[in-house]
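A.B. asks: Sequence and predicted structure are below.
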Amino acid sequence: MSSDTSAHSQSQGIAPSKPPFWRNPRVHALFYQVVLLIGVFVFFGYIFHNTVVNLENQGITTGFGFLDQEAGFGIIQSLIAYTPASTYARTFAVGLLNTVLVSVVGIFLATIVGLIVGLARLSKNWLISRLAAVYIETFRN
C-alpha cells in the first residue's frame, strides 16, 4: 500500500513538461499561413511588376484615357446619336443602351410566350395541351 501512495505522490509532484514553442502545432499552423501569405504577395507583386514593365516596353498606356479617343467604327443601331467620329465613351454608352433595349424586349417577349404556353397547357384541347407540355418539358427540364 505504501508503494502505491509513494508512486501516486511522485506522479502528482512532477508537472508534465510543455514542448518547446517551435513544436507546438498552433505555432506551426500560424507559421505556414504567414509563409503562404508572404508567398502569395510576392507572386502577385512579381506579376504586377512584370505586367507594368512589359506594357511600358511596348508603349501601351493603362487607364481610361482612351475613352476620349475617336472610335473610328460605326454601330448600326443606336438609341442616341452616334457616328464613327464619336469617342469610345460614347460607344460604351451606345452599347450599354442597346443592351438594356434588347433585355427589355427579351423580357417582354418571354413573358408573352410564357403566358401563351401556360394557357395552352391548361387548354382542354388534347393536342394543344400536349404540344405545350412538350415545349415546357423540353425547355424547363
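C.D. replies: Alright, I've got the coordinates. Numbers count the residues shown, from 1 in each chain.

A.B. asks: Centre-most residue in the protein?
C.D. replies: Centroid-nearest residue in the chain, with C-alpha atoms, centre = their mean: residue 44, separated by 18.5 Å.

A.B. asks: State the helix or strand in which that residue lies.
C.D. replies: For residue 44, the host element (DSSP states H and E) is helix 25-57.

A.B. asks: Tell me which other helices or strands that helix touches.
C.D. replies: Judged by 3 or more C-beta pairs under 8 Å, 6 or more residues apart in numbering; DSSP states H and E, helix 25-57 is in contact with no other helix or strand. The way it works is simple: take the backbone N, C-alpha and C, and place the C-beta from them, glycine included.

A.B. asks: May I see the buried residues of it?
C.D. replies: Residues of helix 25-57 classed as buried by neighbour count (16 or more other C-beta atoms under 10 Å): none.

A.B. asks: Number the residues from 18 up from this point.
C.D. replies: OK, 18 is where the count begins now, so the last one is helix 42-74.

A.B. asks: next helix or strand past that helix?
C.D. replies: That would be, after helix 42-74 and using DSSP H and E, helix 105-138.

A.B. asks: elements contacting the helix or strand that comes right after that next one?
C.D. replies: Following helix 105-138 in sequence order, the next helix or strand is helix 143-157 (DSSP H and E). Judged by 3+ C-beta pairs under 8 Å, 6+ apart, the packing partners of helix 143-157 are helix 105-138.

A.B. asks: Return the list of helices and strands in contact with the helix it packs on.
C.D. replies: helix 143-157.

A.B. asks: before we move on, back to that, quick check: the gap between the residue nearest to the centre of the chain and residue 68.
C.D. replies: 10 Å (C-beta to C-beta, to the nearest Å).

A.B. asks: Next one, pLDDT for residue 25 please.
C.D. replies: For residue 25, the pLDDT comes out at 54.
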